[in-house]
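Asks: Please work out how this folds:
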Amino acid sequence: MSLQMIETRGDQEERTMKNRPPLPKHLSRPRYHALLVRLQIELVKLQRSVIERGQRILVIVEGRDAAGKDGTIKSIVEHLSPRDTRVVALGPPSNREQCSWYFQRHVSHLPAAGEIVLFNRSWYNRAGVERVMGFCTKEETEEFLETVPAFEAMIERSGITLLKYYLDISKQEQKARLADRQRDPLKQWKLSPIDAKAQKYWKAYSEARDKMLERTHTVTSPWTVVRAGDKEHARLNVIRDMLWRLNYSGKHRRLHRPDPAVVFPYDKAWYERGLIEA
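Replies: Down below sits the predicted model:
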């Protein structure tokens, strides 16, 4: 690589950093918990309304390893009824499932009337982990990207409200969080062979993410990107976004809108502003 190319890339990165809106100031633990409890009270109101109206809510939470999917989902479901709330985190497909229609094993987990279902990763594994790690062919990935918009349109037409969140973090933040998992005995269950390769395949995961967002961001099933470098702000703003986008009885008239520097609809223009990590 020539010196000129290195300088050009450095100039581009510097411009991106200047254009990138800063994340909100980090919250103290007491302040974070106070804000979280207020939002969780609103979530309980939402669930009561979902049950009374027989609504069906499906929330997809995607992101890189260590992006904060588990913590975000936990903050949402912590005080919701376990009878009417389900978290779906599917493992590797069985031999039978590998020989079935790709979406087949997911369909049985879709919400029934009065239910809120959250997918901790979802059918989008095919566009991310499976593609990068070689668990599926290029043809299978392409087939998925071609058909998933129609599949999600069918879900929407059936009366299910679908919300899709992609939690985005930097390479440095992922490295720090993966190291923390190795040190913390309470997080050992999160470690996997795939985690060990996350940093090595960073660029491949970025390319897979970019293609996935571009090909599957539709008018009926849009992606919402979450800058998850600060876990607390990410959790609070995902919940705020859900509450603002869903109608329910008794919504607090002073409910804060989600911070647009943290949560925003996907757009290719955000790469230039550094809102989506390279």
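Asks: For the rest of this, base every contact and every neighbour count on C-alpha atoms.
Replies: Fine.
Asks: Which per-residue confidence value corresponds to the closest residue to residue 22 other than its chain neighbours?
Replies: Leaving aside its chain neighbours, residue 22 sits nearest to residue 261 (7.1 Å; criterion: Cα to Cα, 6 or more residues apart in numbering). With respect to pLDDT, residue 261 has a value of 96.
Asks: what's the answer for residue 191, then?
Replies: Confidence score, pLDDT, at residue 191: 82.
Asks: Could you do the one 5 residues further on as well?
Replies: On the pLDDT scale, residue 196 is placed at 85.
Asks: how near is it to residue 252?
Replies: For residue 196, the distance to residue 252 (Cα to Cα, to the nearest Å) stands at 44 Å.
Asks: again with residue 126
Replies: 39 Å.
Asks: So which of these two has more stuff around it?
Replies: For residue 126 versus residue 252, neighbours defined as other Cα atoms under 10 Å are more numerous around residue 126 (23 against 13).
Asks: would you say that one is within a strand?
Replies: No: looking at residue 126 with DSSP: H, G, I helix; E, B strand; the rest coil, it is helix, so not inside a strand.
Asks: all helices of the stretch 151-278 of the chain, in order?
Replies: Secondary structure of the stretch 151-278 of the chain (DSSP state H, counting those that start in this stretch): helices at 171-183, 193-196, 202-216, 231-245.
Asks: Am I right that residue 135 sits in a strand?
Replies: No: assessed with three-state DSSP, residue 135 is coil; it does not lie in a strand.
Asks: That one: what's it in contact with?
Replies: By Cα atoms under 8 Å, 6 or more residues apart in numbering, the residues touching residue 135 are residue 129.
Asks: On the pLDDT front, check it for me.
Replies: Here, the pLDDT recorded for residue 135 equals 95.
Asks: Could you measure from it over to residue 166?
Replies: Counting by Cα to Cα, the gap from residue 135 to residue 166 is 21 Å.
Asks: No further queries at this time; thank you.
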